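1. coords below, sequence missing:
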């Protein structure tokens, strides 16, 4: 009886999750050809209405088989940028400088720019071409970018396309033997659909969190007063835990497709309080086509 009940729960779990998601055919070798077309004229292949029922050895529902397929395509991104020197106001005060000299305290040299390392996430969209998608703000001023795969392999990367308006960037690394993720149809998302966020929060390593779609753009007014979100109403809102370091990582539906790129959170402490935002995959796809054509 317990096994029958567990299998019934597993079936209900899978059938009651995200429905209506669709694929736009942007897969492992998908960037070269779709980028040549228009953003509007790409046919949508419907996803079969039923998803597989995954259970563990005890017959309990699990997403582990999906994660084993998806997570090797999610990467860590390290970006090193140069920060302009900033003169502390106290160091401009002759009396303060004299005070430091009297006590033989070295006066800091602020004339040289410092370097800052930013850590975030991304995902492979074409392994043969070495295409990796991430957030624009992560690599905006980067002088050096390194992409590290889940298995520990690291590759230098260069920006191939950037779009600040949507906070999306496309990087290129050497061709790799790795899986790639496919962009899904974010327009098919509904509030309540289950989603999974994958990334590198606080630089601790790859982490998987799950939640639901809390809100979609056309259901709420424009976001104002939140840094990075002003005037932008098309974000996907989710309660899947997103923290610093998750930026650029994928938001996945239960078909294994990328429906969003995690980009921002709202929280008084700078950590997740269940209000995270992702750039819709359809918006990211259109932005990359536009900037590549330019």
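-> On my side now, so go ahead. Computed from a prediction, not measured in an experiment: that's the story for all the values here.
2. And for residue 125, the neighbour number?
-> Here the neighbour count serves as a burial measure; for residue 125 (other C-beta atoms under 10 Å) it reads 27. To be clear about C-beta, it is placed using only N, CA and C from the backbone, and glycine gets the same treatment.
3. Checking it next. Helix, strand or coil?
-> Each residue gets one of three states, and residue 125 gets strand by DSSP: H, G, I helix; E, B strand; the rest coil.
4. quick one: it from residue 258, how far?
-> 8 Å (C-beta to C-beta, to the nearest Å).
5. Between the two, which contacts overlap?
-> When contacts are counted by C-beta atoms under 8 Å, 6 or more residues apart in numbering, residue 125 and residue 258 have 181, 182, 183 as shared neighbours.
6. of the residues you listed, buried ones?
-> Restricting the shared contacts of residue 125 and residue 258 to buried positions leaves 181, 182, 183, with burial counted as 16 or more other C-beta atoms under 10 Å.
7. Go ahead and confirm the first one touches residue 258.
-> Yes - applying C-beta atoms under 8 Å as the test, residue 181 and residue 258 come out as touching, 5.0 Å apart.
8. wait, residue 203 sits on residue 119?
-> Yes - the pair formed by residue 203 and residue 119 meets the contact definition of C-beta under 8 Å, at 4.5 Å.
9. between these two, who's got more neighbours?
-> More crowded of residue 203 and residue 119, by other C-beta under 10 Å: residue 119, with 18 against 13.
10. Am I right that the more buried one sits in a helix?
-> No - under three-state DSSP, residue 119 sits outside any helix and is assigned strand.
11. Enumerate every residue touching it.
-> With contacts taken as C-beta under 8 Å, 6+ apart, residue 119 has the following neighbours: 76, 77, 78, 79, 200, 203, 245.
12. ok, now residue 207?
-> Contacts were defined as C-beta under 8 Å, 6+ apart; by that measure residue 207 touches 198, 199, 200, 201.
13. Among these, which one has the most neighbours?
-> Comparing those by number of neighbours (other C-beta under 10 Å), residue 199 comes first, having 29 neighbours.
14. my guess is that residue meets residue 75, correct?
-> No - between residue 199 and residue 75 no contact is recorded; they are 9.8 Å apart, counting by C-beta under 8 Å.
15. Need the overlap of contacts for the two.
-> With C-beta under 8 Å, 6+ apart as the test, residue 199 and residue 75 both reach residue 121.
16. any low-confidence regions in the protein?
-> Counting by pLDDT under 70, the low-confidence segments of the chain come to 1-53, 83-93, 95-97, 99, 107-114, 218-233, 267-271, 292-294.
17. again, 90 this time
-> By pLDDT under 90, the low-scoring segments of the chain are 1-61, 81-118, 140-143, 163-166, 202-205, 216-235, 243-245, 264-276, 286-294.
18. domains of it?
-> Domain segmentation of the chain under automatic domain parsing yields 2-10+23-72+183-293, 76-172.
19. about what we covered before: any residues in contact with both of residue 181 and residue 258?
-> The overlap between the contact sets of residue 181 and residue 258 (C-beta under 8 Å, 6+ apart) consists of 123, 250, 252.
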